[in-house]
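**Student:** fold the following and give me the result.
(one chain, ligands or ions: 2)
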Amino acid sequence: MTQDNVRVAPAWDRPDQQVLQRFREHSVANLGDALDRLNIVDGGISPVWRGAKAVGTALPVLTVAGDNKAVIAALDHIRPGDILVINAFGYDGRAVIGDNLAQRFDVFGAVGAVVDGYVRDRAIIEKLGVPVFARGLTPAGPFKNGPGTIGEPVALGGVVVNPGDIVVADDDGVIVIPPHRAEEALTAVEAIVAREADLDAEVAELRSRIA
Ligand SMILES: O=C([O-])CC(=O)C(=O)O
Ligand SMILES: [Mg+2]
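**Tutor:** Ligands and ions are numbered 1, 2, ... in the order given. All right, here's what the predicted structure looks like:
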């Protein structure tokens, strides 16, 4: 299907919300360790407000640098639990989303957005509490000409994101987990959480000996 010059992929599967719920307990750092320290988006993409956290199913959008026509068209394709994953080519000259789009994502049931590019209206996005992750901020607004794609695989900070992939984002950054690796990641992360608890106990013990 093509909406004007924005191509839309056929419908795709999304993992169950119960599976996503289990990822909510875990940090991106621990999940990365659980997947051999791979699958992590480059560190240039970070939360635009401190404490933002989101776990969702990827709704990938490809834009032209500095343009958000495809992002606006993607509003019609959001399902509850989705997270917008927008490849805007890391372009720093224009913001492809701001508070207006962030609110609309929220209204349609998306849990946030990860942008390989720039955004604006940071203070309002923070006040609204919509989790947004991006390379940076610029007040310059986007053009709205397209072309673009919705629901096709996109690149995000060096990681391939397929529609329906599990995306976990927190203060440290973003990880992308293909659904067929979800159980493996969850099993491995439990062991990592236990090991981290042992390390903390070791430090507590050291502290008590020194005190
Ligand atoms: O103008 C735009 O399309 C982006 C923007 O600032 C908003 O979503 O609030
Ligand atoms: Mg705005």
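
**Student:** who touches stretch 11-29?
**Tutor:** For stretch 11-29, contacts defined as C-beta atoms under 8 Å, 6 or more residues apart in numbering pick out 31, 40, 55-57, 79, 81-82, 151, 163-164, 166, 168-170, 172-175, 177, 179, 182, 185-186, 189, 193. Every C-beta, even on glycine, is put in place using the N, C-alpha and C of the backbone.

**Student:** in the helix or strand hosting Gln21, what's buried?
**Tutor:** Using DSSP states H and E, Gln21 maps to helix 17-23. Buried positions in helix 17-23, judged by neighbour count with 16 or more other C-beta atoms under 10 Å: Val19, Leu20, Arg22, Phe23.

**Student:** can you give me the helices in this protein?
**Tutor:** 17-23, 28-34, 69-74, 99-107, 122-128, 182-210 (DSSP state H).

**Student:** looking at those, spot the one closest to ligand 2.
**Tutor:** helix 99-107 (4.7 Å; C-beta to the ion).

**Student:** just checking, what packs against the closest one?
**Tutor:** When contacts are defined as 3 or more C-beta pairs under 8 Å, 6 or more residues apart in numbering; DSSP states H and E, helix 99-107 sits against strand 113-116, helix 122-128.

**Student:** sheet-wise, list the partners of the first one with their directions.
**Tutor:** Pairing partners of strand 113-116, with direction, according to DSSP bridges: strand 82-87 (parallel), strand 132-134 (parallel).

**Student:** can you add distance to Ala11 and give these back as CSV?
**Tutor:** Output for those, formatted as CSV (distance: least, C-beta to C-beta, whole Å):
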stretch, distance to Ala11
strand 82-87, 13
strand 132-134, 26
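
**Student:** could these go into JSON lines alongside mean neighbour count, mean pLDDT and distance to Asn68?
**Tutor:** Output for these, formatted as JSON lines (neighbours: other C-beta atoms under 10 Å; pLDDT from 0 to 100; distance: least, C-beta to C-beta, whole Å):
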{"stretch": "strand 82-87", "mean neighbour count": "27", "mean pLDDT": "98", "distance to Asn68": "8"}
{"stretch": "strand 132-134", "mean neighbour count": "27", "mean pLDDT": "98", "distance to Asn68": "13"}
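
**Student:** ok, which of these comes nearest Asp121?
**Tutor:** The closest of the strands paired with strand 113-116 to Asp121 is strand 132-134. By C-beta to C-beta, the value is 9.4 Å.

**Student:** now the closest one, how far from the chain's geometric center?
**Tutor:** Its chain's C-alpha centre lies 7 Å from the corresponding centre of strand 132-134 when counted by C-alpha atoms, centre = their mean, to the nearest Å.

**Student:** repeat that for stretch 38-58.
**Tutor:** How far stretch 38-58 lies from its chain's middle: 5 Å, per C-alpha atoms, centre = their mean.

**Student:** buried residues in that stretch?
**Tutor:** Result for stretch 38-58 [16+ other C-beta under 10 Å]: buried residues 39-41, 45-49, 52, 54-58.

**Student:** can you give me the end-to-end span of it?
**Tutor:** Separation of the first and last residues of stretch 38-58 by C-alpha to C-alpha, to the nearest Å is 18 Å.
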